Structure formats: structure tokens, C-alpha cells
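Student: Based on what follows, work out the 3D shape:
(chains A and B)
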Amino acid sequence: MSYEIQTWVRVAAYLGGGLAMGFGAIGAAIGEGHTAAQANIAVSRSPKNSGDIFKSMLVGQAVAESASIFALVIAMLLLFTNFANPTYITVAVMISAGLCMGLGAIGSGVGSGYPAGAACIGMSRQPGVANKLTTNMLIGSAVCQTPAIFALVTSFILLFTNFSDRPVNPTWAAILGAGLASGLGAIGSGIGGGLVAETSCEGIARQPLCSQSVTNIMLLGQAVTQTTAIYGLLVSFILMFKFMPASDTISSAMALLAAGICMGVGAIGPGIGEGVTARSAVSAISRNKDATASITRVMLVGQAVAESTGIYALVIALVLIFVV
Amino acid sequence: MEVLRETQKKYCSKALVISIFFCVICLAAGYKSIGKGFVLGSIFSIINFIIMGETLPYRIGRSKKKTIFVSLCSIGTRYLLMAVPIIMSIRMEQFNFFSVISGLFIVQVVLMFSYLLPKQESNCGNQS
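Tutor: Coordinates of the predicted model:
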């Protein structure tokens, strides 16, 4: 039984669309659920502030939902666009774009829910700093969306780049690898960034006078957690834009696919680990602001060490692309 | 729920004003499809935010079954609604695809800027 290329492209579009929206909904749903759960606790603690808490919950959930809207955009694009002159590479492009966006939205969705929940709890403790908490929550949540934006950019590049002049083998594998590197690589950074932002909101509620220091260290910590997502994006760009010579064997294709998987999976742990490090630093600064310099130094050293496994993954991915 | 209504009114009106202003600029510059696409996306972003807020009271203080039902209906309705402008922009050339997507995030952008732009307060060590 054989099918025309058009049929395969349709199948890939449905599969890619399903993967994008299916995976993309996971993170946002968890994040929004976490926010609502924390809002319940906050309202039970301080019912008279329920108005502000609901407001914060609504704003937090609206931001946490952004990642799944990115996924919706890619899913719709895959389902309703007619691609001219499709080839077998188009099949790989569609599955890869869907996987990339779906996986890439998980971390950001989960991560954005953490600061929103902490802001609700913070408002029940310190209603007087509601504005500071909301501002900090929005900054933290916005940074959490960065990895999902990387995944969105990768998906757009995959969908709007003309790969028809490339050989089918091993380009199909490079394209799938690109989607996996960027998509999986975004998970850890999104969650890690959320952990930092959550503690930052807790810190401001605990010690409102230190909000500036806490927000600054939160941003520094979050910036470092994003680096592994940048590695994923880098490997993804190399896989998409490096011209791979035609090959009759499967080994070269597998090396490129493995490079994407290696970088994507390898970025998850460091992203979360760096977030855990920065989270404790932010918490410590909100308790003892005089030790900010020492705590920041320890945090950066700790994050650098946690980052090393991500660098190993990057090195192996580059070896798989350029050497093997 | 008056606070919620006020919040929605405040951000939705700002979002609408920004989108209309942007659309007028685009129309004046001759980028008709970009302006129209941005307004289309913005309208659906605002509707999404309104439904999100309006269903909040129905999700709180009800039985578990009712809460799950209302939440699922709210999510399903909102995502179906958000899909409409995207499909329209893919199918109809009069709406620019990328400006529709930008418009879908107008409420989030307004939320961010409302809090981040107006005040620079809260320095460590200064009583707020």
C-alpha cells in the first residue's frame, strides 16, 4: 500500500498539530492550576483580600497561558496551511515544528504558574505590597516565557524555510533533531526560571523593603537558567542551517537526530538545577540582605557547576554534528 | 467580583485603544492587512480575557464536578475562540498572519506595561 506525498504531508500536519497543542496544553494547565490552588489557600487565610487575590490570580493565569497560545498558533498553522511543492522533508518539518512548540511550552507554562501562586499567597500575608508583588510576578513570569518564545521562533523558522534543495537523507533527521533540541531544551529553563520567580515573590512578601535586591537577583538567577535553553536553540540553528551532504547510510542521519536529543534532554536537568540554586539564593537574600554579595557569588558558582552537564551535552551534540 | 470587573475593564479598554491606534497608523501607512489583522487578534485576546474572568466566580465555592465542568468549558470555549482569528488569517489574505498573532497577546502586553512602566519604586532600605 503506497500513498502520495500529499497524503503523508497531511498525516504529518495532523500529527504535528496534535503534538503541538497536546504537549503545549500540559504546562499551562499545570501552571494555572497551581496558581488557582495557591489562590484558594490565600483566600482562606485572608478572605477580606479576596478581590486583590482574584485579580492577581487572573493576571497570573493570563500570562501563564501565553505558552499554550503559542502552541495553538503553531497547531493551527500546521492544520490549515497548504504547503506548496511538498517533499518528504516537509513531513519531517511538520512533525518537528509541532514537537518543538509542544515540548517548548511545557516548562514555561509550569514555571509561570509558580510566581503567580506565590504572589497570591504573598498578598494574603502582606496586602500592602500587592503592587510590588504583581510587578515582580509579571517580570518573573515574562522571563519564564523566554524558552517558549525560543521554541516558537524555531518552529516558525522550520515552517517558513525552504529545505527543498537539501537531500532527504540526512536532512530529515537534522530537522527532527532541531525541533527536539529547542523544544526539550526549553523545559528545564522554563521550570527553573519559575522556581526563582516564585521565591522572589515569597521574599518580597516576607521583607518588602528588599524588593529591589530580590528582583535583581531573581533576574540574574533567571538569566543564568535560560542559558541551557540557548544551547538548545544554538544546536537547533546549526542543525537547520548547516548543509548536510547526501548520504546512503542511516548512521549520519542518526548522528544528527542524536545530537538534537542529546542537547534537548541534556538541557533539562541543568535548567531546573540552576533554578533551584537561584531560588535558595533569592530566599536567603530576602532573609539577610546584608549578605547579598556573598550569596550572589555562591549562587553564580553553584549555577556554573550545575551548568557543566549542559555544556557536556552541548559538546557531545557538536561532536555528533561535526565529527561523527 | 467588582474588583475583577474593574480590572477587566481597565486592561481591556487600554488594549482596545492601543489596537485601534496601531490599526489607524497602519492604515495611514498603507499596511491595511497588518492593521486589520492586529485589531482582529486584539479583539479575540480581549474576549478571551473577559471569559477567563467571568467564569472565575463559577469555579469557586461550587461542587468539584461543577468546577471541573465549568473550567473545561471555559478552556474549550476560549481556545476555540482563539483559533478563529488564526484560521481566518491563514485562509484570508486581508488579515496578516503575524499581526493577528501579535494581537492575540495584546492583553498580556498591556498587563506587563501597566505594572512596569508607570512607577519605579521599592528600593532596598527605603520605606515604601
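Student: burial count for residue B:66?
Tutor: Look at residue B:66: counted by other Cβ atoms under 10 Å in any protein chain shown, it has 12 neighbours. Using the backbone N, CA and C atoms, a C-beta is placed for each residue, glycine as well.
Student: Which strand or helix spans the closest residue to it other than its chain neighbours?
Tutor: Leaving aside its chain neighbours, residue B:66 sits nearest to residue B:58 (7.7 Å; criterion: Cβ to Cβ, 6 or more residues apart in numbering or on different chains). Using DSSP states H and E, residue B:58 maps to helix B:56-59.
Student: helix or strand right after that helix?
Tutor: helix B:64-91.
Student: Against which helices or strands is that next one packed?
Tutor: In terms of contacts (3 or more Cβ pairs under 8 Å, 6 or more residues apart in numbering or on different chains; DSSP states H and E), helix B:64-91 is packed against helix A:66-80, helix B:32-54, helix B:56-59, helix B:97-104.
Student: Mind listing what's buried along the third one?
Tutor: What that stands for is helix B:56-59. residue B:56 (16 or more other Cβ atoms under 10 Å in any protein chain shown).
Student: Stretch A:283-302 now?
Tutor: Buried residues in stretch A:283-302, defined by neighbour count with 16+ other Cβ under 10 Å: A:283-286, A:289, A:292, A:295-296, A:299-300, A:302.
Student: Which single one of these is nearest to residue A:274?
Tutor: Taking Cβ to Cβ as the measure, residue A:274 sits nearest to residue A:302 out of those, at 8.1 Å.
Student: Which per-residue confidence value corresponds to the residue in chain B that chain A sits nearest to?
Tutor: Here chain B gets closest to chain A at one residue, residue B:3, 3.4 Å apart by Cβ to the nearest Cβ. pLDDT for residue B:3: 72.
Student: Check residue B:103 too.
Tutor: Residue B:103 is given a pLDDT of 92.
Student: Skipping adjacent residues, who's closest to it in space?
Tutor: With Cβ to Cβ, 6+ apart, the residue lying closest to residue B:103 is residue B:41, at 2.1 Å.
Student: Check the gap between that neighbour and residue B:26 for me.
Tutor: From residue B:41 over to residue B:26 the distance is 13 Å, taken as Cβ to Cβ, to the nearest Å.
Student: and those two? which has more neighbours close in?
Tutor: A side-by-side neighbour count of residue B:41 and residue B:26, using other Cβ under 10 Å, places residue B:41 first with 28 against 20.
Student: can you give me the helices for the stretch 151-300 of chain A?
Tutor: A:168-206, A:211-225, A:227-241, A:251-287, A:292-322 (DSSP state H, counting those that start in this stretch).
Student: Tell me, how many residues neighbour the residue in the stretch 201-324 of chain A that chain B sits nearest to?
Tutor: For the stretch 201-324 of chain A, the residue closest to chain B is residue A:211, as judged by Cβ to the nearest Cβ, at 4.1 Å. Applying other Cβ under 10 Å, we find 26 residues neighbouring residue A:211.
Student: And for residue B:93?
Tutor: Using other Cβ under 10 Å, residue B:93 is surrounded by 9 other residues.
Student: Contact partners for the residue nearest to it when sequence neighbours are not counted?
Tutor: With Cβ to Cβ, 6+ apart as the criterion, residue B:93 has its nearest non-adjacent residue at 6.8 Å, and that residue is residue B:33. Counting by Cβ atoms under 8 Å, 6 or more residues apart in numbering or on different chains, residue B:33 touches B:93-96, B:99.
Student: out of these, which one sits closest to residue A:202?
Tutor: residue B:99 (38.6 Å).
Student: Is it correct that that closest one is in contact with residue B:32?
Tutor: No. The criterion here is Cβ atoms under 8 Å, and residue B:99 misses it with residue B:32 at 10.6 Å.
Student: So for these two, which residues contact both of them?
Tutor: Residues touching both residue B:99 and residue B:32 (Cβ under 8 Å, 6+ apart) are residue B:26.
Student: Dump the least confident helix or strand in chain B by mean pLDDT to CSV, restricted to CA.
Tutor: One helix or strand of chain B scores below all others by mean pLDDT, DSSP states H and E: helix B:56-59, with a mean of 70. What follows is helix B:56-59 as a C-alpha-only set of coordinates in CSV (Å, rounded to 0.1, in the frame of the first residue of the first chain):
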residue,chain,number,x,y,z
LEU,B,56,-13.8,32.7,37.7
PRO,B,57,-16.8,33.1,40.2
TYR,B,58,-18.4,30.0,38.8
ARG,B,59,-15.3,28.0,39.6
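Student: what residues does that helix touch?
Tutor: Here helix B:56-59 has contacts from A:36, A:54, A:57-58, B:1, B:4, B:66-67, B:70-71, B:74, using Cβ under 8 Å, 6+ apart.
Student: Please convert those residues to TSV, extending it with distance to residue A:153.
Tutor: Below are these laid out as TSV (distance: Cβ to Cβ, whole Å):
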residue	distance to residue A:153
A:36	30
A:54	34
A:57	30
A:58	28
B:1	38
B:4	34
B:66	40
B:67	37
B:70	35
B:71	31
B:74	30
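Student: Neighbour-wise, give me the winner out of these.
Tutor: Going by other Cβ under 10 Å, residue A:57 tops the contacts of helix B:56-59 with 28 neighbours.
Student: Now do the same contact list for it.
Tutor: Contacts of residue A:57 (Cβ under 8 Å, 6+ apart): A:35-36, A:39, A:116, A:120, B:56.
Student: related to what we said a few turns ago, residues touching the residue nearest to residue B:103, list them.
Tutor: B:85, B:89, B:99-106.
Student: Buried ones only from the residues you listed, please, as a PyMOL command.
Tutor: Buried residues among those (16+ other Cβ under 10 Å), as a PyMOL selection:
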select buried, chain B and resi 85+89+99+100+101+102+103+104+105+106
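Student: Spit out the contact partners of the residue of chain A found nearest chain B.
Tutor: Residue nearest to chain B within chain A: residue A:51 (3.4 Å; Cβ to the nearest Cβ). Residues near residue A:51 by Cβ under 8 Å, 6+ apart: B:2-4.
Student: Per-residue pLDDT of it, please?
Tutor: As predicted, residue A:51 sits at a pLDDT of 84.
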